[in-house]
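Participant: mind folding the following:
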Amino acid sequence: MIHWRTFPTRDAQAHALANAVVAGIDEVLTIRRRALLAVSGGTSPKAFLAQLARLPVAWRDVDITLVDDRWLPAEHADSNARLVAETLLPGATGARWLPLVDTSTSAELQVRTLNSTWTHGVPQVCVLGMGEDGHTASLFADAPQWREAITTHDKFVLVQPRHAPYQRVSWSLAALAACDKLILQIQGPAKRAVLEAAQANEQDNAISRLIHLEGVKIDVFWSEE
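Facilitator: Down below sits the predicted model:
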């Protein structure tokens, strides 16, 4: 099930989304000692992450991780970890950063290590993005690992998209479905059409699979531009 919230501009969307995330974290911290927030990379979240960094949050009680990341050094321009380091972490004083990628080891070993040692549970607040092919996180339907990624009970999967650059580490479909609060940030009419089609009929892409899982609720923050 999805709930739409629409905004005329990306700035209005970013402001509302940042406040919604703060409210979600505050709610978690009324019943837990720590909250786990997962955010997305790419270009769309930049304004939201910058807004979030300026808001009052009990960051010392918050762990921050990514929905997915590319298998790149953290300083690489295309690393999602670099985006978070430049936009959110400078303002999130005291938060604990939990990266998904460690290029000092192999990608295969890193995913096995995450699955065997991760003790933080799934994110209570998770902010997703979506591509025009319907992928969310790095769950690409064209990847050889697609079936595993949408059926495994492991939290993390290694994905190599055929039509997008870089190998990626991603939360699995089951892990995303288990998150307490799922938020999807998208912009423009093309992505709205993709999401509406994914909602109308189950399709072989990640966002449609997620929407149609029993019990899953997604708050959609969509801006017209």
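
Participant: let me see the ranges of the strands in the chain.
Facilitator: Per DSSP state E, the chain has strands spanning 2-7, 35-39, 62-66, 68-70, 96-97, 125-128, 156-159, 168-171, 181-187, 218-223. These are given in chain order.

Participant: in stretch 94-104, what's buried?
Facilitator: By neighbour count with 16 or more other CB atoms under 10 Å, stretch 94-104 contains the buried residues 95, 99-102. From N, CA and C alone the C-beta is placed, and that goes for glycine too.

Participant: most widely separated two among these?
Facilitator: Farthest apart among these by CB to CB are Ala95 and Asp102. That separation is 19.0 Å.

Participant: related to what we said a few turns ago, winner for burial among the strands of the chain?
Facilitator: Burial among the strands of the chain, expressed as mean neighbours by mean count of other CB atoms under 10 Å, is greatest for strand 168-171, which shows a mean of 28.

Participant: paired strands for that strand, with orientation please.
Facilitator: According to DSSP bridges, strand 168-171 forms sheet pairs with strand 68-70 (antiparallel), strand 156-159 (antiparallel).

Participant: could I get the ones you listed as TSV with distance to Val84 and mean pLDDT?
Facilitator: Formatted as TSV, the entries for the strands paired with strand 168-171 read as follows, by distance: least, CB to CB, whole Å; pLDDT from 0 to 100:
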stretch	distance to Val84	mean pLDDT
strand 68-70	9	98
strand 156-159	17	98
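
Participant: now tabulate these in CSV and tack on distance to Gln145.
Facilitator: Shown next, in CSV, are the strands paired with strand 168-171 (distance: least, CB to CB, whole Å):
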stretch, distance to Gln145
strand 68-70, 13
strand 156-159, 5
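
Participant: closest to Arg192 out of those strands?
Facilitator: Ranking the strands paired with strand 168-171 by proximity to Arg192 (CB to CB) places strand 68-70 first, at 22.1 Å.

Participant: just the residues contacting the closest one, thanks.
Facilitator: If you take CB atoms under 8 Å, 6 or more residues apart in numbering as the criterion, strand 68-70 is touched by 40-41, 76, 78-81, 99-101, 137-138, 165-171.

Participant: mind pulling up the pLDDT for the residue nearest to Gly121 when sequence neighbours are not counted?
Facilitator: Counting by CB to CB, 6 or more residues apart in numbering, Leu36 is the residue found nearest to Gly121 once chain neighbours are left out, at 6.5 Å. In the prediction, the pLDDT value recorded for Leu36 is 98.

Participant: for burial, what's the neighbour tally of the residue nearest to Gly41 when sequence neighbours are not counted?
Facilitator: The shortest distance from Gly41 to any non-neighbouring residue, by CB to CB, 6+ apart, is to Asn80 (2.7 Å). Here the count is done by other CB atoms under 10 Å, and Asn80 has 26 residues near it.

Participant: one more: His212?
Facilitator: That count, for His212 with other CB under 10 Å as the rule, works out to 14.

Participant: ok, now Arg147?
Facilitator: Considering only other CB under 10 Å, Arg147 is surrounded by 10 other residues.

Participant: separation between it and Gln13?
Facilitator: Between Arg147 and Gln13 the distance, using CB to CB, to the nearest Å, works out to 34 Å.

Participant: again with Thr65
Facilitator: Thr65 is 22 Å from Gln13, where distance means CB to CB.

Participant: for Val39, same thing?
Facilitator: Shown here: Val39 relative to Gln13, a distance of 15 Å by CB to CB.

Participant: redo the buried residues of stretch 94-104 as TSV? Include pLDDT and distance to Met1.
Facilitator: Output for these, formatted as TSV (pLDDT from 0 to 100; distance: CB to CB, whole Å):
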residue	pLDDT	distance to Met1
Ala95	98	31
Pro99	98	32
Leu100	98	28
Val101	98	32
Asp102	97	36
